[in-house]
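Chemist: what shape does this take:
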Amino acid sequence: MALLKKVNQILLLLLVLTVCAILYSKIHQVPLALRNETVDLENPEEMEEEIPVVICAAAGRMGAAVAAISSIYSNTEANVLFYIIGLKTTIPHIRKWIENSKLKEINFKVVEFNPMVLKGKIRQDASRPELLQPLNFVRFYLPLLIQKHEKVIYLDDDVIVQGDIQELYDTKLAPGHAAAFSDDCDLPSTHEMVRSVGMQNTYMGFLDYRKQAIRDLGISPSTCSFNPGVIVGNMTEWKRQRITQQLEKWMQRNVEENLYSSTLGGGMATSPMLIVFHGKYSSINPMWHIRHLGWSPDARYSEQFLQEAKLLHWNGRYKPWDYPSVHTDLWENWFIPDPSGKFKLTRPDS
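Modeler: Below is the predicted model:
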């Protein structure tokens with residue numbers, strides 16, 4: 001009996017140990033998803049935050065988008081996701097260009113923009129018809145096109161990036177601000193360029209202060225303007241403040257009352273943004289938006305200054321893929337020829 005009792009005690013002890021082992025395993029078991037996350041933590045590349053960059057690919061100037069993308073991709077180790085926005089007719093061309101060039105390694109999505117959203121919202125102006133192109137207004141609709149990201153970078157296609165795009169993405173937006181821009185008065189070294197070619201850098205150059213609706217805004221005409229060719233946006237704030245709807249309202253009012261015009265300083269996209277974002281935006285480091293390179297075929301910055309710049313913008317009529325233009329060598333460094341041969345650079349000897 002004593003022996004049987006001892007055996008029973010041993011069996012009971014083994015049973016208890018087995019139950020404890022099972023319970024311990026259940027409690028401390030790492031779920032599959034968490035195990036994967038642990039592996040990711042050991043592989044920083046897989047944990048990197050995506051940096052969404054929006055660039056439009058427009059017919060007739062598609063090489064601009066290619067050069068911009070090439071410059072960004074070549075100057076960063078960040079995990080950039082390019083959103084390339086085009087019209088239905090242009091999407092096959094830009095996709096083929098990317099997939100048949102060294103850009104085939106980039107992470108990108110092609111998104112179609114439906115120009116019907118602009119119906120009745122654009123006042124026709126023949127002075128600069130390129131400013132009326134549908135893709136010029138893509139920046140108004142960022143949350144509708146790019147839905148899964150909190151923070152987004154938008155770039156005009158006529159830029160090249162010489163710095164690490166991570167720096168621009170790290171721009172801090174103040175609480176309640178839906179976007180960050182570059183002030184047109186923010187960099188003293190560009191003031192001489194502005195004066196030399198007669199550019200506008202105040203609200204007076206973008207809004208018609210003869211109209212009562214503009215005067216009622218209470219914005220001084222001498223207020224420094226900003227350039228929306230480079231935007232760091234907070235999509236949550238953008239949606240909360242109904243920025244897209246506000247911009248559309250001013251577009252509609254311009255159709256009815258002619259409150260601004262592309263014959264003024266900045267075309268049809270800048271003016272409504274100046275109204276909606278007045279006093280409610282954060283600032284981008286000035287070296288991340290050196291602009292006005294396309295305002296005159298004669299006015300030039302110093303080479304040293306341009307080498308220090310993080311981003312160059314050929315805003316204006318004189319584009320670096322056309323002739324005449326300035327500092328074309330800096331742009332052409334990043335240009336990738338069109339495999340289809342449809343897009344060609346215009347040069348003096350071409």
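Chemist: going forward, measure contacts between C-alpha atoms and count neighbours the same way
Modeler: Fine.
Chemist: tell me where the stretch 201-350 of the chain has helices.
Modeler: 212-215, 235-240, 243-257, 267-276, 303-308, 328-332 (DSSP state H, counting those that start in this stretch).
Chemist: buried deepest among those helices, which one?
Modeler: helix 267-276 (a mean of 22; mean count of other C-alpha atoms under 10 Å).
Chemist: can you redo the helices of the stretch 201-350 of the chain as JSON lines with distance to residue 165?
Modeler: JSON lines is the format used below for those (distance: least, C-alpha to C-alpha, whole Å):
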{"stretch": "helix 212-215", "distance to residue 165": "36"}
{"stretch": "helix 235-240", "distance to residue 165": "19"}
{"stretch": "helix 243-257", "distance to residue 165": "25"}
{"stretch": "helix 267-276", "distance to residue 165": "23"}
{"stretch": "helix 303-308", "distance to residue 165": "15"}
{"stretch": "helix 328-332", "distance to residue 165": "17"}
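Chemist: in CSV: those helices, plus mean pLDDT and distance to residue 172.
Modeler: Shown next, in CSV, are these (pLDDT from 0 to 100; distance: least, C-alpha to C-alpha, whole Å):
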stretch, mean pLDDT, distance to residue 172
helix 212-215, 96, 30
helix 235-240, 98, 14
helix 243-257, 96, 19
helix 267-276, 91, 20
helix 303-308, 94, 22
helix 328-332, 97, 28
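Chemist: middle-most residue in this protein, spatially?
Modeler: When C-alpha atoms, centre = their mean is applied to the chain, the residue found nearest the centroid is residue 154 (1.3 Å).
Chemist: show me what it is bridged to.
Modeler: Per DSSP bridges, the residues bridged to residue 154 are residue 54, residue 231.
Chemist: what about it, distance to residue 219?
Modeler: In this view, residue 154 and residue 219 are 26 Å apart by C-alpha to C-alpha, to the nearest Å.
Chemist: for residue 172, same thing?
Modeler: Distance from residue 172 to residue 219, counting by C-alpha to C-alpha: 25 Å.
Chemist: look at residue 52 and give its secondary structure.
Modeler: Assigned with DSSP: H, G, I helix; E, B strand; the rest coil, residue 52 falls in the strand class.
Chemist: OK, contacts around it?
Modeler: Residue 52 sits next to 80, 81, 82, 83, 149, 151, 152, 153 when contact means C-alpha atoms under 8 Å, 6 or more residues apart in numbering.
Chemist: and it, what pLDDT?
Modeler: On pLDDT, residue 52 comes in at 98.
Chemist: out of the helices of the stretch 201-350 of the chain, nearest to residue 105?
Modeler: Residue 105 sits nearest to helix 328-332 of all these, at 20.4 Å, using C-alpha to C-alpha.
Chemist: chain center to that closest one, what's the gap?
Modeler: Distance of helix 328-332 from its chain centroid, counting by C-alpha atoms, centre = their mean, to the nearest Å, is 21 Å.
Chemist: kindly report the same for stretch 313-332.
Modeler: On C-alpha atoms, centre = their mean, the centre of stretch 313-332 falls 20 Å from that of its chain.
Chemist: re the thing from before, the residue nearest to the centre of the chain touches residue 235, doesn't it?
Modeler: No: contact criterion C-alpha atoms under 8 Å: residue 154 and residue 235 do not qualify, at 11.7 Å.
Chemist: give me the number of residues near residue 144?
Modeler: Neighbourhood size, residue 144 [other C-alpha atoms under 10 Å]: 12.
Chemist: check residue 109 too.
Modeler: Applying other C-alpha under 10 Å, I find that residue 109 has 13 neighbouring residues.
Chemist: now residue 146
Modeler: Residue 146: 17 surrounding residues under other C-alpha under 10 Å.
Chemist: distance check, it against residue 183.
Modeler: Distance, residue 146 to residue 183, using C-alpha to C-alpha: 25 Å.
Chemist: could you list the single helix or strand in the protein with the lowest mean pLDDT?
Modeler: helix 32-41 (a mean of 29; mean pLDDT, DSSP states H and E).
Chemist: ok, residue 153 touching residue 231?
Modeler: Yes: if you go by C-alpha under 8 Å, residue 153 and residue 231 touch, sitting 5.7 Å apart.
Chemist: for residue 301, give me the pLDDT.
Modeler: For residue 301, the predicted pLDDT is 88.
Chemist: from residue 75, how far out is the residue nearest to the centre of the chain?
Modeler: From residue 154 to residue 75 the distance is 17 Å (C-alpha to C-alpha).
Chemist: for residue 342, what are phi and psi?
Modeler: Main-chain torsions, residue 342, degrees, to the nearest 10: phi -70, psi -40.
Chemist: how about it, what does it touch?
Modeler: Neighbours of residue 342 in contact, by C-alpha under 8 Å, 6+ apart: none.
Chemist: now residue 258
Modeler: Contacts of residue 258 by C-alpha under 8 Å, 6+ apart are residue 123.
Chemist: let's see that with 10 Å instead.
Modeler: 123, 207, 208, 211, 251, 252 (C-alpha atoms under 10 Å, 6 or more residues apart in numbering).
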